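Engineer: The following comprises the amino acid sequence and a computationally predicted model.
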Amino acid sequence: MTTSEPSTATIRPRPALQSMIKQATTNDGEAPSLRLTLEEISFPANPALGVRVFLNLPNATSGTSIKDPHYVGSISPGERGENEKPMTAFLDLSPTLRKLGKVDPNVLKFTLVAVPSDPDDGTKQACIPVQKVILSGRGK
């Protein structure tokens, strides 16, 4: 995500992860845990901005509800100074996979949307660079 427009990252999981994705779409408590890692997120000094992440919803916008079943989670900078180093964030993908049910385990598309935490603060667009999007899993 290097522009103020939503950005979609495509991940083609290796076979072992594909199997975990299939298992995670069930409501079985024995399903594996899948985690999305976003590395080197460079939030601007304005702490009123965040990133929402959606799975397989390439047309997501800042107006897309967090109640949408494709919603994975949100990332915010918290209290950060102007010269803070880029941060890493982790999101649990398993609940979204269970909500969506069947997904193509061969290709997952993650849409990252920059959003103001307060829509009335006048911030309409922001560029929040994210350098890497990584999918990992751990069986139970």
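Structural biologist: Arrived safely. Numbers count the residues shown, from 1 in each chain.
Engineer: alpha carbons only for contacts and neighbour counts from here, please
Structural biologist: Noted.
Engineer: Contacts only, for Lys85.
Structural biologist: For Lys85, the contacting residues are Ser42, by Cα atoms under 8 Å, 6 or more residues apart in numbering.
Engineer: and the gap between it and Ile41?
Structural biologist: Counting by Cα to Cα, to the nearest Å, the separation of Lys85 from Ile41 is 9 Å.
Engineer: Leu17 now?
Structural biologist: According to Cα to Cα, Leu17 stands 24 Å off from Ile41.
Engineer: How many neighbouring residues does the nearest residue to Gly101 once chain neighbours are set aside have?
Structural biologist: Closest residue in space to Gly101, ignoring its immediate chain neighbours: Thr25 at 4.9 Å, by Cα to Cα, 6 or more residues apart in numbering. Applying other Cα atoms under 10 Å, we find 21 residues neighbouring Thr25.
Engineer: Thr25 contacts Leu97, correct?
Structural biologist: Yes: the pair Thr25 and Leu97 qualifies as a contact (Cα atoms under 8 Å) at a distance of 5.0 Å.
Engineer: Need the contact partners of the longest helix anywhere in the chain.
Structural biologist: Ranked by residue count and defined by DSSP state H, the top helix of the chain is helix 15-24. Applying Cα under 8 Å, 6+ apart, the contact partners of helix 15-24 are 31-34, 94, 97-98, 102-103, 105-106, 136-137, 139.
Engineer: other SSEs contacting the helix or strand just after it?
Structural biologist: Sequence-wise, the next helix or strand downstream of helix 15-24 (DSSP states H and E) is strand 33-41. Packing partners of strand 33-41 (3 or more Cα pairs under 8 Å, 6 or more residues apart in numbering; DSSP states H and E): helix 15-24, strand 87-92, helix 94-100, strand 130-138.
Engineer: how does it look with 6 Å?
Structural biologist: Applying 3 or more Cα pairs under 6 Å, 6 or more residues apart in numbering; DSSP states H and E, one finds that strand 33-41 makes contact with strand 87-92, strand 130-138.
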